[in-house]
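Asks: A structural model of the following input is requested.
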Amino acid sequence: MYITGLSEINIIVYPCFPAPLQLLSHGLFICAPVTPSLVVDLRVLKFVCLFFIHQSRSILHSAMQWRCLWME
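Replies: Numbers count the residues shown, from 1 in each chain. Predicted structure coming up:
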């Protein structure tokens with residue numbers, strides 16, 4: 001996973017194709033159901049989920065887990 005920066009997506013909202021559906025079609029998770037002002041890439045959510053599932057209390061073990069997560 002590489003962070004390449006921010007990008008802007010222009011959408012036109014129609015009653016039959018609302019903004020949340022358009023953003024999801026671009027692979028983005030919306031943080032508000034009606035008028036989203038913040039979105040997160042679904043790959044980032046997957047990374048965070050994997051990190052919290054595999055977190056440990058040992059610093060060495062955590063470093064190894066970070067390395068495995070970044071290699072995916």
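Asks: Could I get the CA-only coordinates of stretch 8-16 as CSV?
Replies: In CSV, the C-alpha atoms belonging to stretch 8-16 read as follows (Å, rounded to 0.1, in the frame of the first residue of the first chain):
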residue,chain,number,x,y,z
GLU,A,8,-10.3,15.4,-6.1
ILE,A,9,-13.4,13.7,-7.5
ASN,A,10,-16.2,15.8,-9.0
ILE,A,11,-19.6,14.2,-8.9
ILE,A,12,-23.0,15.4,-10.0
VAL,A,13,-25.7,14.2,-7.6
TYR,A,14,-29.0,12.9,-9.0
PRO,A,15,-32.0,11.6,-7.0
CYS,A,16,-31.5,8.2,-8.7
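Asks: Tell me which stretches of the chain form strands.
Replies: For the chain, applying DSSP state E gives strands covering 28-30, 39-41.
Asks: who touches the last one?
Replies: So that's strand 39-41. If you take Cβ atoms under 8 Å, 6 or more residues apart in numbering as the criterion, strand 39-41 is touched by L23, G27, L28, F29, I30, C31. Heads up, the C-betas are built off the backbone N, CA and C, glycines and all.
Asks: now those: which count as buried?
Replies: For the contacts of strand 39-41, a burial check counting by 16 or more other Cβ atoms under 10 Å picks out L23, L28, F29, I30.
Asks: Nearest to G5 among these?
Replies: Distances from G5 to the buried ones among the contacts of strand 39-41, taken as Cβ to Cβ, are shortest for L28 (14.9 Å).
Asks: in the sheet, who's paired with the closest one?
Replies: Beta-bridge pairing of L28 under DSSP bridges involves D41.
Asks: Wait, it touches V44, no?
Replies: No. Using Cβ atoms under 8 Å, L28 is not in contact with V44; the gap is 9.8 Å.
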